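S.K.: What follows is a protein structure lacking sequence information:
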């Protein structure tokens, strides 16, 4: 049944889905997407690739189905691609991602992909949660007790950023310390390893290569293995495009080579 679910996930590229956002001019819900037959008339090769390489991708051993779901929804949110979100949010829940974790992923990516992307994803998740009878009791509180702060590591990070950019944009430097690293990153309902997985996936999906070195090292410090990191790039080649994956590869290679073995 798991493999069947994965195959269906691959075919969702050409399945009947719907846009969750609203038409910016008239405020109406977006119209349904085309059926499988409609899409096949336009691009029949999509079905072949969906049933072949894309379905096989979800069976690769480098990442669990749960991790692949996290990577995929992070990429969709980072790219504000709402049409596929209902399917992949549901698949993530089926693959073991908890509602509170999806909530935290959306919140986290408000800061790493932009507020509007998170708001769009939230509108989709609202309907998915309602359809599955997921209530607020399954979601994280607004202000939970934070995880312990690594004071030495955070002090070094803050000092480096202050030295580099404190005289350029002191406001963002302060927000980075107070809001991101001493609040957002300490929220307990998404473990640090998975929070890093979300961040790296979103950076690659959005083509934001300048931040990959820091966050990939942080991810691996948080428990992401080299095999898993490599598989993230492979997975994102399909969900964010080959150019974004290959743009990330030199940075990923450099991180791998410079980390102690």
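M.R.: Thanks, I have the structure now. Note that the structure is predicted; figures quoted are calculated from it, not measured.
S.K.: from what I can see residue 230 touches residue 252, true?
M.R.: Yes - counting by Cβ atoms under 8 Å, residue 252 is a contact partner of residue 230 at 7.2 Å. All C-beta spots, glycine's among them, are computed from the backbone N, C-alpha and C.
S.K.: Where does pLDDT dip in the protein?
M.R.: Low-confidence segments of the chain (pLDDT under 70): 1-38.
S.K.: what helices or strands is the helix or strand where residue 230 lies leaning on?
M.R.: Element membership of residue 230, judged by DSSP states H and E, is helix 226-240. Judged by 3 or more Cβ pairs under 8 Å, 6 or more residues apart in numbering; DSSP states H and E, helix 226-240 is in contact with helix 55-57, helix 65-78, helix 192-205, helix 212-221, helix 242-258.
S.K.: Flag every buried residue along the fourth one.
M.R.: Going by neighbour count (16 or more other Cβ atoms under 10 Å), the buried part of helix 212-221 is 212, 215-220.
S.K.: Taking the centroid of this protein, which residue is nearest it?
M.R.: residue 74 (1.2 Å; Cα atoms, centre = their mean).
S.K.: related to what we said a few turns ago, for residue 230 and residue 252, indicate the residue with more neighbours.
M.R.: Set side by side, residue 230 and residue 252 show more neighbours around residue 252, with 21 against 16, by other Cβ atoms under 10 Å.
S.K.: contacting residues around that one?
M.R.: With contact taken as Cβ atoms under 8 Å, 6 or more residues apart in numbering, residue 252 is in contact with 212, 216, 229-230, 233.
S.K.: which one among the residues you listed gets closest to residue 185?
M.R.: residue 216 (15.4 Å; Cβ to Cβ).
S.K.: mind checking how far the nearest residue to that closest one once chain neighbours are set aside is from residue 161?
M.R.: Among residues not flanking residue 216 along the chain, residue 255 sits closest, at 4.9 Å (Cβ to Cβ, 6 or more residues apart in numbering). Residue 255 sits 19 Å away from residue 161, going by Cβ to Cβ, to the nearest Å.
S.K.: Can you pick out the residue with more neighbours from these two?
M.R.: Between residue 255 and residue 161, residue 255 has the larger neighbour count (other Cβ under 10 Å), namely 19 against 16.
S.K.: give the contact list for the more buried one.
M.R.: Contacts of residue 255 (Cβ under 8 Å, 6+ apart): 212-213, 216-217, 220.
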